[in-house]
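> test case, fold it:
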Amino acid sequence: MSASGSDEQVVAAQGADPEHPAASARLKRKWPWRPIAFIVLVVLVYLAVISLYAPNGRSDSWADNEAKPATGVIVQLKQDSVNASAETISMSVNVIPSTELEVDGSSTLAQDVTVIISPVSGEQTITLAKDTIPGIQSINVLAPGAIENWPFDRYDARMVVIAYIVTDGVEQAVPTTVELGGYLPGWNISNSTSLTGQVTVSTPDGLVDWPVHDLSAGRSGSTLAFAIVLLSLMVVMPVLVLFVAITAYRGHRKVEPSFLSWMGAMLFATIPLRSFLPGSPPIGSWIDFLIVLWVIVGLVAGLAIYVRAWVRWGTPSTPPPPTPSRDGTIRP
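Sure, this is the predicted structure:
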């Protein structure tokens, strides 16, 4: 066979046409699109996580607003934390009375002022005693939700805030302005006020409809992106293990016993990755039944297949050579 014929066979084996050298050159210049597509995908996911994290900056707080109301009181409620397991939202309460409720020329109260916040876990009334300066107190507002739905869990609270004083032995509500504010990392907090709660309160002007304040807390977009990315990485682990195990079992690749250690490490890394999820979802959440459990099953199955491949294709051990005994006979 001539040298030129040999060259044509090599070019043909590589998928090029020997009669069209330009086409052969284009094939050599062809970019590896799969690695490029993977890099582009990673960059897009990274930019998406950043774009979701950026809007979750610290918002303005009501702490700088100390203007006194013209009448009644201002009740400022600041969200401090969300206890998803207890289904409560911890809040700081700051009561700012009007000058008519204070001693002239002083910041002390001229009479007792009571603030009712409902529903809360524990005592619903905050009593501000006469001749004292109101301070900041803490409450836990009941916010029903389902942490098992993490990271799509949401907690909603409906609050009624009423401030009243006692005049001539009769409790009378005073105008109450509620200000909601604060910032919680990893949460999106929204609030609204309405008169649809059908709450009526007795005031010096008679029975009036009292506003109801709705407060909702849901996971932020950055938390959702973090959870989706981490859970996706967990799914990739058993896919890789099963691919390596099945390939070795079918005899397409040499069995390397060191891969057993790698697969075992992947199995034991599942629980630390699961506990690294933001918000610490409890055991028994939907992710455990739909993702984590099957990740462990896939890893164990891949480990078992690879062990079977090792038994099938592994090199048998060589028995040691027989050693002669003292009397000259050879014993196995």
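> let me know the next secondary structure element after the longest helix belonging to the chain.
Identified as the longest helix of the chain according to DSSP state H is helix 221-249. Downstream of helix 221-249, the next assigned helix or strand under DSSP states H and E is helix 258-275.
> which residues touch the helix or strand just after that following helix?
Next helix or strand after helix 258-275 toward the C-terminus (DSSP H and E): helix 286-287. By Cβ atoms under 8 Å, 6 or more residues apart in numbering, the residues outside helix 286-287 that reach it are 148, 149, 150, 231, 274, 277, 281. From N, CA and C alone the C-beta is placed, and that goes for glycine too.
> for the fifth one, which non-adjacent residue is closest in space?
It stands for residue 274. Residue nearest to residue 274 in three dimensions, not counting chain neighbours: residue 292, with 5.4 Å by Cβ to Cβ, 6 or more residues apart in numbering.
> pretty sure the one you found belongs to a helix, no?
Yes - judged by DSSP: H, G, I helix; E, B strand; the rest coil, residue 292 forms part of a helix.
> so what are the domain limits for the protein?
Following automatic domain parsing, the chain resolves into domains at 62-219, 223-313.
> what is the mean pLDDT for the last one?
I take that to be domain 223-313. Per-region confidence: domain 223-313 scores 90 on mean pLDDT.
> same question for the longest one.
The pLDDT scores in domain 62-219 average 85.
> list the contacts of residue 101.
Counting by Cβ under 8 Å, 6+ apart, residue 101 touches 73, 109, 110, 111, 113, 165, 174.
> got a list of what the closest residue to the third one other than its chain neighbours touches?
To tie it back to what came earlier, the one meant is residue 110. Once flanking residues are discounted, residue 110 sits nearest to residue 103: 5.0 Å by Cβ to Cβ, 6+ apart. By Cβ under 8 Å, 6+ apart, residue 103 lies in contact with 109, 110, 131.
> check residue 254 too.
Contacts for residue 254 (Cβ under 8 Å, 6+ apart) come out as 248, 313.
> if we use 10 Å, what do you get?
248, 313, 314, 315 (Cβ atoms under 10 Å, 6 or more residues apart in numbering).
> who wins for neighbours among the residues you listed?
Using other Cβ atoms under 10 Å as the neighbour test, the contacts of residue 254 are led by residue 248, with 22 neighbours.
> would you mind confirming that that residue makes contact with residue 312?
Yes - using Cβ atoms under 10 Å, residue 248 is in contact with residue 312, at 9.1 Å.
> next, show the common contact partners of the two.
Counting by Cβ under 10 Å, 6+ apart, the contacts common to residue 248 and residue 312 are residue 255.
> a helix runs through residue 173, doesn't it?
No - applying three-state DSSP, one finds residue 173 to be strand, outside a helix.
> how many other residues sit next to it?
Using other Cβ under 10 Å, the number of residues around residue 173 comes to 19.
> try residue 73
So residue 73, with other Cβ under 10 Å, has 25 neighbours.
> then residue 251?
11.
> what residues are up against it?
Residue 251 neighbours (Cβ under 10 Å, 6+ apart): 309, 312, 313.
> top of the contacts of helix 286-287 by neighbour count?
residue 281 (22 neighbours).
> skipping adjacent residues, who's closest to that residue in space?
Distances taken as Cβ to Cβ, 6+ apart place residue 150 nearest to residue 281, at 3.7 Å, with adjacent residues excluded.
> again with residue 256
Per Cβ to Cβ, 6+ apart, closest to residue 256 is residue 248, 8.0 Å.
> what separation do you get for the one you found and residue 72?
77 Å (Cβ to Cβ, to the nearest Å).
> quick revisit: the residue nearest to residue 274 reaches residue 272, doesn't it?
No - look at residue 292 against residue 272 with Cβ under 10 Å: they stay out of range, at 11.9 Å.
> quick one, strands of the protein?
Remark: strands assigned in the chain by DSSP state E are 73-83, 88-97, 113-118, 125-128, 137-142, 154-167, 170-174, 176-181, 187-203, 206-219, 323-324, 330-331.
> which among these is found nearest to residue 40?
Among the strands of the chain, strand 206-219 comes nearest to residue 40, with 27.7 Å by Cβ to Cβ.
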